[in-house]
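Participant: My questions are about this predicted structure, shown below with the sequence.
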Amino acid sequence: SQKIEQNSEALNIQEGKTATLTCNYTNYSPAYLQWYRQDPGRGPVFLLLIRENEKEKRKERLKVTFDTTLKQSLFHITASQPADSATYLCALKENSGYSTLTFGKGTMLLVSP
Amino acid sequence: NAGVTQTPKFQVLKTGQSMTLQCAQDMNHNSMYWYRQDPGMGLRLIYYSASEGTTDKGEVPNGYNVSRLNKREFSLRLESAAPSQTSVYFCASATFTGVTEAFFGQGTRLTVV
């Protein structure tokens, strides 16, 4: 069966460190993979998109990698700040005709001062 | 710039009552979606509309109906609410599904008693 797996346990890190979140998928052939941030009581907000033929994408302190062999995406936040504390969701769109965006369950990140 | 606007923000229904959740976007997007988010289950797609005039079922459509009223508006109807439909509902829109970022509304917290 198809699965998108993100760590269900919260990730706790110190301010200034690099946070690394993982998104693994099974039985998908994604054409695009996206990362979103969700704060409590709010809707998800788009952060980054990476295509299947791209290995890495950067935006300010954010970096996403996409390894279609390992079937994995890593999301990095460098020089993390308490304001980065939120739940981060990965989502993918398959490379097959018309398909919708499927989300993982998200990983909560807690950055302590 | 309003983005994606959902109404209402909160609603309490009795079992068997009906209601319509409204969603409107002002970004001229082609595609619109309804998701529900439950603890431990992540975001699950209920229905989507790839373009004006079309609607399709997502992962969890039972108990729901939708209407793409025009390019801006996409409503979700619960004909006979059940406690299992207690959830947070998010509407989203995108230019092209999965290929471009999705914009989410602020959510509707629905409780069915």
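Facilitator: Received it, and whenever you're ready, just let me know what you need.
Participant: Now do the strands in chain B.
Facilitator: B:4-7, B:10-13, B:19-25, B:31-38, B:42-49, B:56-57, B:64-68, B:74-78, B:87-94, B:103-104, B:108-112 (DSSP state E).
Participant: no no, chain A
Facilitator: Ranges of strands in chain A, per DSSP E, are A:3-6, A:11-14, A:19-26, A:30-38, A:45-51, A:56-59, A:62-67, A:72-77, A:86-94, A:101-103, A:107-112.
Participant: before we move on, back to that, same list as before, the strands of chain B that is, but in CSV and with mean neighbour count and mean pLDDT included.
Facilitator: Every C-beta, even on glycine, is put in place using the N, C-alpha and C of the backbone. Formatted as CSV, those follow (neighbours: other Cβ atoms under 10 Å in any protein chain shown; pLDDT from 0 to 100):
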stretch, mean neighbour count, mean pLDDT
strand B:4-7, 18, 98
strand B:10-13, 14, 98
strand B:19-25, 19, 98
strand B:31-38, 24, 96
strand B:42-49, 22, 94
strand B:56-57, 13, 94
strand B:64-68, 18, 97
strand B:74-78, 20, 98
strand B:87-94, 24, 97
strand B:103-104, 21, 97
strand B:108-112, 18, 98
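Participant: The ones you listed: which one's closest to A:Ile4?
Facilitator: Of all those, it is strand B:42-49 that lies closest to A:Ile4, at 8.3 Å by Cβ to Cβ.
Participant: Just the CA atoms of the closest one, as CSV, please.
Facilitator: C-alpha atoms of strand B:42-49 as CSV (Å, rounded to 0.1, in the frame of the first residue of the first chain):
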residue,chain,number,x,y,z
GLY,B,42,-2.9,14.0,9.0
LEU,B,43,-4.6,15.9,6.2
ARG,B,44,-7.0,13.7,4.1
LEU,B,45,-8.6,14.8,0.9
ILE,B,46,-12.4,14.7,0.8
TYR,B,47,-13.2,16.1,-2.6
TYR,B,48,-11.4,18.2,-5.2
SER,B,49,-12.2,20.3,-8.2
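Participant: export the strands of chain B to JSON lines and tack on distance to A:Ser80?
Facilitator: As requested, the strands of chain B are exported to JSON lines (distance: least, Cβ to Cβ, whole Å):
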{"stretch": "strand B:4-7", "distance to A:Ser80": "29"}
{"stretch": "strand B:10-13", "distance to A:Ser80": "33"}
{"stretch": "strand B:19-25", "distance to A:Ser80": "32"}
{"stretch": "strand B:31-38", "distance to A:Ser80": "25"}
{"stretch": "strand B:42-49", "distance to A:Ser80": "23"}
{"stretch": "strand B:56-57", "distance to A:Ser80": "39"}
{"stretch": "strand B:64-68", "distance to A:Ser80": "39"}
{"stretch": "strand B:74-78", "distance to A:Ser80": "36"}
{"stretch": "strand B:87-94", "distance to A:Ser80": "26"}
{"stretch": "strand B:103-104", "distance to A:Ser80": "24"}
{"stretch": "strand B:108-112", "distance to A:Ser80": "30"}
